[in-house]
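[1] Give me a model of this one.
(one chain, ligands or ions: 1)
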Amino acid sequence: MSPILRISEYARQAKAVLPHMAWEYLDAGAGDELTLARNVLDFDRIELWPRLLRDVSELETRVPLFGQTLPHPILLAPVGYHKLFSPEGELASARGAALSGSTLSVSTMTSVAIETIAREVPDARLWFQLYVQRDRGFTQHLIERAQDAGAQALIVTIDTPVLGNRIRETEAGFTLPDHVRREMLQELPKDLLVRGHGTDLEGIYYPLISPKLEWKDIEWMKSVARVPVILKGILHPDDVELAIQAGADGIFVSNHGARNLDTAPSTISALPGIVEKTKGRVPILLDGGIRRGTDIFKALALGATAVMIGRPFVWALAAHGAQGVKDCVDLLLHDLKVTMALCGQTSVATLERSVLRRPEK
Ligand SMILES: Cc1cc2nc3c(=O)[nH]c(=O)nc-3n(C[C@H](O)[C@H](O)[C@H](O)COP(=O)(O)O)c2cc1C
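    Sure thing, here's the model as predicted:
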């Protein structure tokens, strides 16, 4: 079999093997999917403007982050229910993460408990993504389970007081098949779990996520967490100071893969405003629309410390399991290195913004 050289090929293969409902759950954005398109297009609008005659015989892709050195800046974003995409679910993703030197963000909606992932794939670096629950005691319980299992950071998703209006997912009649369970939430009352099964047209609130989360709750979370707390979903520059004052250790520029608020800005277009307000005080992560190494290069050159990919690694997981996840990360990393060399940039930590160009209209 010839090697896969484009991320879009993973998407094509995933679509061919997945049941329609799983594909729609994975692929869909919110509303008319305008932000979904912009997440990708806005990367394309930025040109690379290479600098020449520089020694690029050695390239540094390592990134210091939260006291660790990551081999490269490509992490795997939190995505729910990997068993929809591969029989082994998050275990396969964790193996792929370990093989590729990436980090797996385990979702609150994981279909394999974080303890099981940590036990079965001990060499995987795991972070935990928290959807804050309506019951504070249960939220604390989730944080403690994740930390005890070895999660090295906590990503608190703050952009989802309600689920987005995912039209395509609803049209496909998305519900969880019986073999896919929310393994972190099994202790919750049964009726909450049943009501949280699919997108609900009757009410806007989702039983498994608190719609009451406020900045002061982040301060509480910081008092409970023993690991860095990253706030995921920040798009507005005016939220940066609030995040830092609340104690955030990292800012995660994300529009939830365009699954929540349609016509929200693309993440790459929101990034410069966030970087300006952050002033280097905490690391910045970004996800949304990354499909090439050049996209990663652009995000880092604009000030992100590292990036996450969502759909791309899940496409690869669906098509080729753990090896697919590894190959997908390798493919992006290869393209990132080629881009660095061709732009005369030797280290991901010091990419020059002046090699990016916004063409005149
Ligand atoms: C199928 C799917 C499920 C997701 N589940 C979660 C989740 O459980 N928690 C969360 O914070 N984000 C979730 N996200 C958003 C991702 O973490 C990430 O922000 C997004 O996928 C990045 O955009 P990309 O898919 O274009 O790379 C999900 C995204 C997808 C595609």
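[2] Could you check how far residue 225 is from residue 348?
    Distance of residue 225 to residue 348, computed by C-beta to C-beta, to the nearest Å: 27 Å. All C-beta atoms are positioned from the backbone trio N, CA, C, and that covers glycine.
[3] Hmm, residue 172 and residue 20 touching each other?
    Yes: the pair residue 20 / residue 172 is scored as a contact, 6.1 Å apart, by C-beta atoms under 8 Å.
[4] Now the common contact residues for these two.
    Counting by C-beta atoms under 8 Å, 6 or more residues apart in numbering, residue 20 and residue 172 have no shared contacts at all.
[5] who has more neighbours, the two?
    For residue 20 versus residue 172, the count of surrounding residues by other C-beta atoms under 10 Å is larger for residue 172: 20 against 11.
[6] show me the contacts for that one.
    Applying C-beta under 8 Å, 6+ apart, the residues contacting residue 172 are 20-21, 24-25, 28.
[7] State the phi and psi torsions of it.
    Here is the backbone geometry of residue 172 (degrees, to the nearest 10): phi -80, psi 0.
[8] same deal with residue 285?
    Main-chain torsions, residue 285, degrees, to the nearest 10: phi -110, psi 160.
[9] and if you look at residue 68?
    Main-chain torsions, residue 68, degrees, to the nearest 10: phi -120, psi 160.
[10] Next one: the closest residue to residue 111 other than its chain neighbours from the ligand, what distance?
    Closest residue to residue 111 apart from its sequence neighbours, by C-beta to C-beta, 6 or more residues apart in numbering: residue 83 at 3.9 Å. According to C-beta to the nearest ligand atom, to the nearest Å, residue 83 and the ligand sit 12 Å apart.
[11] residue contacts, residue 147?
    Residues in contact with residue 147 (C-beta under 8 Å, 6+ apart) are 128, 154, 225-227.
[12] Just name the closest of the residues you listed to residue 62, please.
    The closest of these to residue 62 turns out to be residue 227 (C-beta to C-beta; 20.8 Å).
[13] Return the residues of this structure in contact with the ligand.
    25-26, 39, 77-80, 107, 109, 129, 157, 232, 254, 256-257, 259, 287-290, 309-311 (C-beta under 6 Å from any ligand atom).
[14] Just the buried subset of those residues, please.
    25-26, 39, 77-80, 107, 109, 129, 157, 232, 254, 256-257, 259, 287-290, 309-311 (16 or more other C-beta atoms under 10 Å).
[15] rewinding a little: show me the residues of the chain next to the ligand that map onto helices.
    25-26, 39, 311 (DSSP state H).
[16] Nearest to the ligand, out of the residues you listed: which one, please.
    Relative to the ligand, the closest of these is residue 311; by C-beta to the nearest ligand atom it sits at 3.5 Å.
[17] Contact partners for the closest one?
    For residue 311, the contacting residues are 11, 26-27, 79, 257, by C-beta under 8 Å, 6+ apart.
[18] Now with 10 Å, please.
    Residue 311 makes contact with 7, 10-11, 14, 26-27, 36, 77, 79, 257, 287-291, according to C-beta atoms under 10 Å, 6 or more residues apart in numbering.
[19] Can you give me the pLDDT of the residue in the chain that the ligand sits nearest to?
    Relative to the ligand, the nearest point of the chain is residue 310 (2.1 Å; C-beta to the nearest ligand atom). Looking at residue 310, its pLDDT is 99.
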